[in-house]
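> coordinates only, no sequence provided:
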């Protein structure tokens, strides 16, 4: 359903305007709604129309999309999307499209090297068995590291626009709160309490039962391992907290905007609404709402639906129209079945489209820019596909 | 094929957005309907499970929400307290505030600690035979292995202590295919299928948990039978269309357009289904759930999918 007019609900502001005026665009939304594809499409369009250097950072792209962007086996390095890919898509971009993946482990290692007081401590942290496990799985480590890397790239000053896809999180907004939580974590009283006996060998009477029970349950060796890890990690405290605060400032900066992506189904919409609510309550800039996989408007046409009902109910009658069966080279029975299916199919999807329309109405009340992307027939896994999607959200 | 409901503990996972919770609710509903005392537990507390039963929010305390069907929402802290006071007979511990906080802290650093409390609670329910059948609306594909492999991870990290002593019996329960199984939910599209295949490989390599079934959700009905698609192609031409339009009194082009959309959507989905079918061990049942046009949410959807599951399982 590539044709059709741009949806009517696009207001004065547009995705085009948003991408022109912001330096960082962060897409968020429930899993499976098409965040990655939307982020890549927006970045590709910006590179084509606005020019400059545009980078899309994705967390977990579908394999074919990663291939199309030349991301296979790339890790943390930014790489320019081959201009030949644009050429074969029949487009001459004004600027450059770059892409990068997020490698959590690599990013954590970099972070440790940057903040450890000396090389020896860095090596001790990097080889600590707990760290090995943690760098992949730390509390919201994924979320934090995504934002941290965003900061890193932005402060490198190499790109005009960054479009970032957020990792699927258990709690929708973990990644926003991750920098602060990271800072809190390192300045926590509990952390000091936990490592105190291993630092001073002096446990006061009040906390002794606490350690005894902890020992009993977890074993003192394990607690010592944990403590050693935290002691090492604490050497990075200052730099780490400063950094986490800087990351949070960037997320709140006027140059940063959030785009909520959702499909029009009950659960993702619920999560999308939650995103919208929390983003505005916490003072982040909500730039746009993108509705993905929207069924075509004609499914809402009531006259058409009545005709679909007619085709369904009167299929045997219609199949007897003079010359029709001959024209389609079928017997009347077969033709009647096909007609009934065509009518039935329309009526089925008309119900879904109506449900979508209801959800769209309730969502649309919020942000200034709302754009819809039609339900495409297949997956989007190449540059022409991304540009086709991009066109639909652009103005 | 019917052995799914004969297990004791079934984890349901899948990529975000494929309908993991829907399938878990339907499976639990079916089991209860077929006479099993069933517990359904949500692990990632997004509060969605209650929606699928039209029931007030679900808490850690199990509540009977329908005949023979109990529901609970996992809360690691509550679970730890219950574990310490019941399992280890340490009643005082449950009242120790700092311990719970410390647990939170250690759990932040040591992977597996939080997970083992979750898995431990579920295994304990199996061990105590409180229920015939336990369905877990588990973590998404990205986290499920960490959860299922938690006892092994703990074994490696914690050398002594009571927690360590608990891992043995949990592993016995998790690794027995007659007791425990994993159900992976996918939709017939690229990412969910790829994640399902990655997950089943990791399940084999990193755990001893049995793959019980793969559920393919939201399968579109086949619009046209043999030879009918060609008839449709010829029908969707100007002359035949005009004949129909004259009869029904208005344009029907978009009717054809909608049918075309369904046909091509189904075609691209079939490709992914094929990929799934080829890669999954033929002994693992593939269960197909229909795309629900009318209600995709709520108890009505749960009922419909429970019926579909029942049919697919051969009841």
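Received it, and whenever you're ready, just let me know what you need. Only a predicted model underlies this, so the values are computations on that prediction, with no experimental measurement involved.
> burial measure for residue B:152, as a count.
Residues lying near residue B:152 (other CB atoms under 10 Å in any protein chain shown) number 19. No exception for glycine: its C-beta is placed from N, CA and C like everyone else's.
> same question, residue B:297
Residue B:297 is flanked by 18 other residues according to other CB under 10 Å.
> swap in residue B:68?
18.
> now swap in residue A:252 and tell me
12.
> do stretch B:143-154 and chain A meet?
Yes. Interface with chain A: stretch B:143-154 contributes B:143, B:146, B:153 (CB under 8 Å from any CB of the partner chain).
> in PyMOL, how would I select just the buried ones from the residues you listed?
Those of the residues of stretch B:143-154 next to chain A that count as buried under 16 or more other CB atoms under 10 Å in any protein chain shown are selected in PyMOL with:
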select buried, chain B and resi 143+146+153
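> so residue A:288: helix, strand or coil?
Secondary structure, DSSP: H, G, I helix; E, B strand; the rest coil: residue A:288 is strand.
> got phi/psi on residue A:151?
phi -60, psi -50 (degrees, to the nearest 10).
> show the contacting residues for residue A:160.
By CB atoms under 8 Å, 6 or more residues apart in numbering or on different chains, the contact set of residue A:160 is A:23, A:50, A:52, A:53, A:54, A:95.
> thinking again about what came up before, helices - which of the residues of stretch B:143-154 next to chain A land there?
Among the residues of stretch B:143-154 next to chain A, DSSP state H puts B:143, B:146, B:153 in helices.
> on that earlier part again, can you select the buried ones among the contacts of residue A:160 for me in PyMOL?
Selecting the buried subset of the contacts of residue A:160 in PyMOL, with 16+ other CB under 10 Å as the burial test, is done by:
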select buried, chain A and resi 23+50+53+54+95
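> pick out the residue of the stretch 151-300 of chain B closest to chain A.
residue B:161 (3.2 Å; CB to the nearest CB).
> give me the element residue B:41 is part of.
Assessed by DSSP states H and E, residue B:41 sits inside strand B:38-42.
> from the chain's centre, how far out does that strand sit?
Counting by CA atoms, centre = their mean, to the nearest Å, strand B:38-42 is centred 11 Å from the centre of its parent chain.
> for that strand, name the packing helices and strands.
Under the contact definition 3 or more CB pairs under 8 Å, 6 or more residues apart in numbering or on different chains; DSSP states H and E, strand B:38-42 sits against helix B:20-33, strand B:69-73, strand B:133-137.
> need the residues that contact the last one.
The contact list for strand B:133-137 (CB under 8 Å, 6+ apart) reads B:5, B:7-12, B:20-21, B:24-25, B:27-28, B:31, B:36-44, B:49, B:122, B:125-126.
> mind doing that once more with 7 Å?
B:5, B:8-12, B:20-21, B:24, B:27-28, B:31, B:36, B:38-43, B:49, B:122, B:125-126 (CB atoms under 7 Å, 6 or more residues apart in numbering or on different chains).
> about what we covered before: so what's the residue count around the residue of the stretch 151-300 of chain B closest to chain A?
19.
> repeat for residue B:210
When neighbours are counted by other CB under 10 Å, residue B:210 comes out with 18.
> now residue A:47
Neighbour tally, residue A:47, other CB under 10 Å: 28.
> how about residue B:198?
13.
> same deal with residue A:167?
Neighbours of residue A:167 using other CB under 10 Å come to 20.
> returning to that earlier point: show me just the buried residues among the contacts of strand B:133-137.
B:5, B:8-12, B:20-21, B:24, B:27-28, B:31, B:36, B:38-43, B:49, B:122, B:125-126.
> state the distance from residue A:308 to residue B:254.
Going from residue A:308 to residue B:254 by CB to CB, to the nearest Å gives 9 Å.
> can you list the domain ranges for chain A.
A:15-295+A:363-394, A:300-353 (automatic domain parsing).
> cool, thanks, talk later.
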